[in-house]
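# turn this into a structure:
(2 chains)
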Amino acid sequence: MPLADALSFLPRLATALAKPAEDAAALRRLAEWCGRYSPWTAPDGADGVRIEITGSAHLWGGERALAADLAARLDRRGVASRIVIADTLGAAWAMARFAEASASVVILASGQLRAALASLPVEALRLDPITAQGLRRVGLKRAGDLYAMPRDALARRFGETVARLLDQALDEMPEPLSPLGEVPSRRVRLSFAEPITEPADLMLATERLTADLVPRLAREGTGARRLDLGFYRVDGRVERIRIGTAHPSRDPRHLAALFRERLDTVDPGLGVEDMILAAHAVEPLPAEQIGLPGHTASPHPNPPPLAGEGMGGGIAPLLDRLGNRLGLAAISRLEPRESHIPERASVRVQPHLTLPIPTDQVRGLKAHDAMGPLPLPPKGRRGPKTPSPPPGAERAGVRWGISGKPTRPIRLFEPPEPIEAFWLLPDDPPFRFMWRRCRHRVTQADGPERIADEWWLPGASGEVDAIRDYYRVEDEEGRRFWLFRAGLHGGDHKPRWFVHGVFS
Amino acid sequence: MAHGVLPFGVAAIDRALPGGGLARGALHEILGAGGDEEDGALAAAFAAQILGRLTRPPTSPSRSLTRPGPSLSPLKGGEGKQTLPLSAFGGGEGRGEVGVVLWCLPRPDLYGPGLAAHGLDPGRVVLVRASRDAEILWAMEEGLRAPGMVAVVGEIGSFPMVASRRLQLAAERSGITAFLLRRWRDGGQAARERALPNAAVTRWRIASLPSLPTRGEPGVGHPRWRVELLRCRGGEPASWEMPAWEMPAWEMPAWEMPAWEMPAWEMPACEMEVPDATDHVSLAAALADRPAAPVASEKYRRAG
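Sure, this is the predicted structure:
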């Protein structure tokens, strides 16, 4: 019915514009909030939330108590709801939308599935309207009418979907639920009788949670690499702190300290009623010997209460603190690589590096791509990527390749900075150059040291422009630069000059 | 001087410093000069020299004398020490021992081979990249509170008095030595910041001088620095001209640094007579009983 007609029938009708995007976002938030009942939650269509409560109902004192708690909380927030707990997603969906019972909570016992669904209209099988209409046209009006139909006949006539949805609703075919977020491997929850807002209380609760999580990790001999602390607010929003650690850890004080750094980013709103701490990535962490009294085996002032809490080194906690504030990508270590291209001979790697971690979870937790394309080939073409180092390169003795080579600068610019150079003969170093709007007159020069492209690598251009002639020059002030000329005289392009580094 | 000093091994400099060396557990400020105020190459090199001595195990001098010089002998070339596992980090509870240097910098232009050439094992350096001065100061302070750190270096533009006092106190408390390298974006910032006081115990300025030409050889000779001690708590400002302590490349067996004593030259004697073509005169003189010539050892390696 068009709006104008509706208004003519009912002049005082309140109208509002539909905002599907905002509705979807709100539903998603609701689904996320439902994470307090189980980690497996997802929004369902435009008007529902699915929760997989297998194995978590007992935490709430049974399914009925769980549903009552959920209903009460939704009611308090003014969300009209109907909650159905059933064996299958299909049955729960159907009952929530098409059951005629007036109760807002319906719990289907395991055996009642077929009987309960039989009397519902065929639309309850999550069919699209055209298929449902087709079924009705041949007289199949209720879901129960389909029970007796041979599945292959149904599939021939109405497509695979009908048969599949029917089977899924009747628990004859599995239907997985893909959760909203990543499902953690370990999870602990803390609920408060009264919502809390004070930072001190939040910190106390965080310490309780980490202390709860740690014994479980210790039992399994694992340590957490990635943790997620969710603050479930009274108004249904969820605030999160995600932290990553440089080294698997199950030191409760260390983990709590990492959260403390970020606690001020959490807005508790009107109050936080639940906190859930989830460990997303765990790695083996064998038990460690803790120090005897009087010995200092651990860098902490007091030995931690449980075995295995040490960090395997004094600076891992520091790296964690730095990494969680600045991004773990900001922390790196220099490592030599077997390459004579200067910028590839020293790469920045993570100070640790064990398992790959999805980058969307923790900011840029991966090795730095310190090996960008060579800046030299002419515009628009990318140079070759350096392949990853050969396996075991670290151990096999890649050295800081300076033996036998001319001196290397202490600062290396990446990318090299172009300069305007003036020279006399083709193979001469420049006698003068302009860099950063300053003029430098060259008084002494060493070189050239020719460094060519790594032609044996796939993607090497092999072009003349990739050849660099390096000169170490000194200007009249005594500053020493590392200049190079890209390309040769007489080639297709005029050679270009760059300053690549500064010597001490 | 609650945490002792690190002597430079250069009598003239040590005389100028109270206690006969660079105070440990204190904040030191290092400036570049001229155009280098922006790049900080000289400041980084000077810091790397000092850090190289701070991080080296104290036993190395004697070992190096028995070692066959810079030869990369297949047996004891240091294989197996290439990467330091995390657990190897941070053992430096005792001071002056093997440990880690935290180097906080705004852009990662520090070059590993260059550090190695100045005697600092790059594998001992943990780089922290932060774009803002405040974050760098925070990271330095965190580093100064961490056990297992030997030294903390920060590269920073503006350095307020309060921040410097915090760092100095943190360094005093933990005994970790802190170095602050100043890098200014442009001349304007340099002019504003250069004269401002801060709580650092010493303030150094390193300027490059035209290199000493090698006799009969064209090209860049042995680099020289002017090292100025601009400010020193309990000492007098002073200034020296000296050859840069840069290892000639072939003196350096990559990871395992030669002990590389600070050469025992006295100031008047450092005119660098007879730098020969291989450029390693000033250092070779200190290690008198080196058995094998570098060239020979290279040949040996190739044959093996």
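
# OK, contacts around A:L255?
A:T210, A:L213, A:V214, A:A224, A:L227, A:I243, A:T245, A:S249 (Cβ atoms under 8 Å, 6 or more residues apart in numbering or on different chains). For every residue, glycine as well, the C-beta is placed using N, CA and C.

# repeat the analysis, applying 7 Å as the threshold.
A:L255 is in contact with A:T210, A:L227, A:S249, counting by Cβ atoms under 7 Å, 6 or more residues apart in numbering or on different chains.

# which residues sit against stretch A:460-474?
Outside stretch A:460-474, the residues that reach it (Cβ under 7 Å, 6+ apart) are A:374, A:376-378, A:383-384, A:406-407, A:429, A:442-455, A:480-488, A:491, A:493, A:503, B:210-211, B:220.

# helix, strand, or coil at the closest residue to B:D186 other than its chain neighbours?
What sits nearest to B:D186 in space, not counting adjacent residues and going by Cβ to Cβ, 6 or more residues apart in numbering or on different chains, is B:E38, at 7.3 Å. Here B:E38 is helix, with the state taken from DSSP: H, G, I helix; E, B strand; the rest coil.

# which stretches of chain A have low pLDDT?
Within chain A, the set of residues satisfying pLDDT under 70 comprises A:288-314, A:352-405, A:462, A:464.

# 50 - rerun?
Residues of chain A that meet the criterion pLDDT under 50 lie in A:291-313, A:353-398, A:401-402.

# in it, where's the longest helix?
The longest helix of chain A (DSSP state H) is helix A:199-220.

# tell me which residues of it are tucked away?
Of the residues in helix A:199-220, those buried by neighbour count under the rule 16 or more other Cβ atoms under 10 Å in any protein chain shown are A:201-202, A:205-211, A:213-214, A:216-218.

# do the same with stretch A:429-438
Under the neighbour-count rule (16+ other Cβ under 10 Å), stretch A:429-438 has A:P429, A:P430, A:F433, A:W435 buried.

# now stretch A:52-60
Residues of stretch A:52-60 classed as buried under the neighbour-count rule (16+ other Cβ under 10 Å) are A:E52, A:I53, A:S56, A:A57, A:W60.

# looking at these, spot the one nearest chain B.
Checking the buried residues of stretch A:52-60 against chain B by Cβ to the nearest Cβ gives A:S56 as the nearest, at 36.8 Å.

# can you find the helix or strand in chain B with the smallest mean pLDDT?
When the helices and strands of chain B are compared on mean pLDDT, DSSP states H and E, helix B:60-66 comes out lowest with a mean of 33.

# SS state for A:G144?
Secondary structure of A:G144, per three-state DSSP, is helix.

# residues touching it, list them.
Listed by Cβ under 7 Å, 6+ apart, the contact set of A:G144 reads A:A118, A:S119.

# run the last query once more with 8 Å
For A:G144, the contact set (Cβ under 8 Å, 6+ apart) comprises A:R114, A:L117, A:A118, A:S119, A:L120.

# what does B:P160 give?
Going by Cβ under 8 Å, 6+ apart, B:P160 touches B:N198.

# tell me the phi and psi of it?
Here the main-chain torsion angles of B:P160 (degrees, to the nearest 10) amount to phi -70, psi 160.

# for it, give me the pLDDT.
You'll see B:P160 listed with a pLDDT of 89.

# ok, now how distant is it from chain A?
The spacing between B:P160 and chain A, counted by Cβ to the nearest Cβ, to the nearest Å, is 20 Å.

# near the residue in the stretch 101-250 of chain B that chain A sits nearest to, how many other residues are there?
Proximity of the stretch 101-250 of chain B to chain A (Cβ to the nearest Cβ) peaks at B:G148, 2.6 Å away. The number of residues packed around B:G148, counting by other Cβ atoms under 10 Å in any protein chain shown, is 19.

# what about it, distance to B:G99?
Counting by Cβ to Cβ, to the nearest Å, the gap between B:G148 and B:G99 amounts to 6 Å.

# go on, B:R15?
In this structure, B:R15 and B:G99 are 28 Å apart, going by Cβ to Cβ.

# could you do B:L51 as well?
Taken as Cβ to Cβ, the span from B:L51 to B:G99 is 10 Å.

# common neighbours of the two, please.
A shared contact of B:L51 and B:G99, defined by Cβ under 8 Å, 6+ apart, is any residue touching both; here these are B:V150, B:A151.

# show only the entries of the contacts of stretch A:460-474 found in strands.
A:442-451, A:480-486, B:210-211 (DSSP state E).

# among the contacts of A:G144, the buried ones, what's the ChimeraX command?
With 16+ other Cβ under 10 Å as the criterion, this ChimeraX line picks the buried residues out of the contacts of A:G144:
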select /A:117,120
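
# how about a markdown table for the contacts of A:G144, with distance to A:A26 and secondary structure added?
Written out in a markdown table, the entries for the contacts of A:G144 read as follows (distance: Cβ to Cβ, whole Å; DSSP: H, G, I helix; E, B strand; the rest coil):
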| residue | distance to A:A26 | secondary structure |
| --- | --- | --- |
| A:R114 | 35 | helix |
| A:L117 | 30 | helix |
| A:A118 | 34 | helix |
| A:S119 | 33 | coil |
| A:L120 | 28 | coil |
